[in-house]
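A.B. asks: output the structure for:
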Amino acid sequence: MGTSEYNSPQRMIYKRLCFGLLVLALCAAFSYAAAPETTWAGPSARLAKEIANISGPGTATLAIRNQSAIANEELPAIRRGIEAQLRVDGIQIRSADNAATSISVTLSENLQGWLWIAEVKQGSDTKVAMVPVPRNGNATIAQAGPNMTLKKTLVYSQASAILDFATIHAGNDTHLVVLDADNVSLYRSTGTKYELEQAFPVVHSRPFPRDLRGKLAIPRDHLFDAYLPGLLCSSSVSMPINVTCRESDDPWPMGSQKALFNSARNFFTGALLPGIGKPVAPFFTAAELPRSNYTLWILASTDGAVRESDGVNERRVTASVSGDWGSDLAAVHDACGLGTQLLVSASSNGNDSLRAYEVPDREPVLVSAPLNFDSEITALWTSSDGTDANLVVHNTTGGRYEAYSVSIACGQ
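C.D. replies: Down below sits the predicted model:
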């Protein structure tokens, strides 16, 4: 009888085990190869390539801020995707002490989808890269819909035109200051409403222009100032409150600047103090949008154009974006999106509305649905603390002027 190979039970078990492990390995490899690209792999790689095109190879820090509806659980995958592509392009992520470049990524969004923005800072030079990311049904998001909502709160109304209003704290009470053509009125809050305490006449010798405008400011050394064309009315330092008015062509406060107002008309001349660098054209309203190493100004010019200026370069906002903008705009600083939004008025069929935009680079991006009014917007200013806007509308149905505080809610 010839010899035959003998397979012991132990050897057979070993062979079956090896075969099983091989099958599992092949299945895993096949599954990995066949697996679709993760939700954020493509956008992360695209943004990293845009960053590399700006910075070139070297060392960098990387910070990611989520101001969108993307769930925070997704951030590690996004970071890994960005870092992996940066390494491919010759950029090594290091600590701040060992890096020549600073990369700050903001995950933002608008009504069309997500918008990922990278600020790349090298020395005193900062450049911006942006990657739009369409919404994907497989993406994990905190919620859907517009990522910002404008909310209005009625503060006060009266029959005569309100030019501006502000809330101050004097003594133990909260007061509302209302500015109109005839008076600077002081109201005390009862908790449910405002009651008139004092009305200080606006005394002036020069006639006001027909389309009257006015603005309230809260300085550091007294309670408030009221600016009107050719006139400045100032309060006392403390209680009891007194107001005195004097003829003045002092420039009106506007963010970090002061703007010279044409007292015979209803617009600003374009002269700013201390100045932003390059002179600007005459404008009706302006908004200040801070950046990491400069300030971008958006101006509703008297010629109907909307202009942007950083003090060095100036450009017109494209008509496709600003074609229906009104002459009223204001900046609001909050925790949403990029941290500063631009509120812009618009008019359609006799009814006005307000919308919020962000300006991630230089082109405004719509980030809210319109806040509609069955009335005309007559004034829009950034509030004294900058966190909301003071809006006045003329209700054509009731004939009264209504003062609203307009704020922005994130992710609603």
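A.B. asks: ok, which stretches of the stretch 101-250 of the chain are strands?
C.D. replies: Ranges of strands within the stretch 101-250 of the chain are 101-109, 113-122, 125-134, 148-158, 164-170, 173-179, 183-189, 194-201, 215-217, 225-228, 231-235, 243-247, based on DSSP state E, counting those that start in this stretch.
A.B. asks: who wins for proximity to Val312 among the ones you listed?
C.D. replies: Of all the strands of the stretch 101-250 of the chain, it is strand 125-134 that lies closest to Val312, at 12.9 Å by C-beta to C-beta. (Glycine included, C-beta is placed from N, CA and C.)
A.B. asks: pull up the pairing partners for that closest one, direction included.
C.D. replies: If you go by DSSP bridges, strand 125-134 pairs up with strand 113-122 (antiparallel).
A.B. asks: in the chain, which ranges drop under the pLDDT threshold?
C.D. replies: Along the chain, the model assigns pLDDT under 70 to residues 1-38, 110-112, 135-146, 349-350, 412.
A.B. asks: domain parsing for it?
C.D. replies: Per the record, the chain has its domains at 41-134, 148-410, by automatic domain parsing.
A.B. asks: thinking again about what came up before, hey, which of the strands of the stretch 101-250 of the chain is tucked in deepest?
C.D. replies: strand 225-228 (a mean of 24; mean count of other C-beta atoms under 10 Å).
A.B. asks: which other helices and strands contact that strand?
C.D. replies: strand 173-179, strand 215-217, strand 231-235, strand 252-254 (3 or more C-beta pairs under 8 Å, 6 or more residues apart in numbering; DSSP states H and E).
A.B. asks: out of those strands, which comes closest to His394?
C.D. replies: Going by C-beta to C-beta, the one of the helices and strands packed on strand 225-228 nearest His394 is strand 173-179, 15.0 Å.
A.B. asks: in CSV, list the C-alpha atoms belonging to the closest one.
C.D. replies: Output of strand 173-179 as CSV, limited to C-alpha atoms (Å, rounded to 0.1, in the frame of the first residue of the first chain):
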residue,chain,number,x,y,z
ASP,A,173,-33.7,102.7,36.3
THR,A,174,-33.6,101.8,32.6
HIS,A,175,-34.5,104.6,30.3
LEU,A,176,-35.5,104.9,26.6
VAL,A,177,-34.2,107.9,24.8
VAL,A,178,-36.3,108.8,21.6
LEU,A,179,-35.0,111.4,19.1
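A.B. asks: from the contact counts, what lies against it?
C.D. replies: strand 148-158, strand 164-170, strand 183-189, strand 215-217, strand 225-228.
A.B. asks: what residues does that strand touch?
C.D. replies: 155-156, 158, 162-169, 184-189, 194, 197, 214-216, 224, 226, 228, 403 (C-beta atoms under 8 Å, 6 or more residues apart in numbering).
A.B. asks: just to revisit the earlier point, among the helices and strands packed on strand 225-228, which comes closest to Ala379?
C.D. replies: The nearest among the helices and strands packed on strand 225-228, by C-beta to C-beta, is strand 215-217 at 8.7 Å.
A.B. asks: what lines up beside that closest one in the sheet?
C.D. replies: Paired strands of strand 215-217, defined by DSSP bridges, are strand 225-228 (antiparallel).
A.B. asks: list the contacts of the partner strand.
C.D. replies: The contact list for strand 225-228, computed with C-beta under 8 Å, 6+ apart, reads 163-164, 177, 179, 184, 202, 204, 208, 212-219, 232-235, 243, 245, 250, 252-253, 261.
A.B. asks: 6 Å instead, please
C.D. replies: 179, 184, 214-217, 219, 233-234, 252 (C-beta atoms under 6 Å, 6 or more residues apart in numbering).
A.B. asks: which one is Trp40 nearest to, not counting chain neighbours?
C.D. replies: Excluding the flanking residues, the one nearest Trp40 by C-beta to C-beta, 6 or more residues apart in numbering is Ile78, at 4.8 Å.
A.B. asks: how far off strand 101-109 does the helix or strand where that neighbour lies point, in degrees?
C.D. replies: Taking DSSP states H and E as the definition, Ile78 sits inside helix 75-88. Angle, helix 75-88 to strand 101-109, by axes from the mean of the first three to the mean of the last three C-alpha atoms, to 10 degrees: 140 degrees.
A.B. asks: next secondary structure element downstream of helix 75-88?
C.D. replies: Note on helix 75-88: by DSSP H and E, the next helix or strand toward the C-terminus is strand 91-93.
A.B. asks: residues contacting the nearest residue to Arg80 once chain neighbours are set aside?
C.D. replies: Among residues not flanking Arg80 along the chain, Ser44 sits closest, at 7.8 Å (C-beta to C-beta, 6+ apart). Ser44 is in contact with 78, 81-82, counting by C-beta under 6 Å, 6+ apart.
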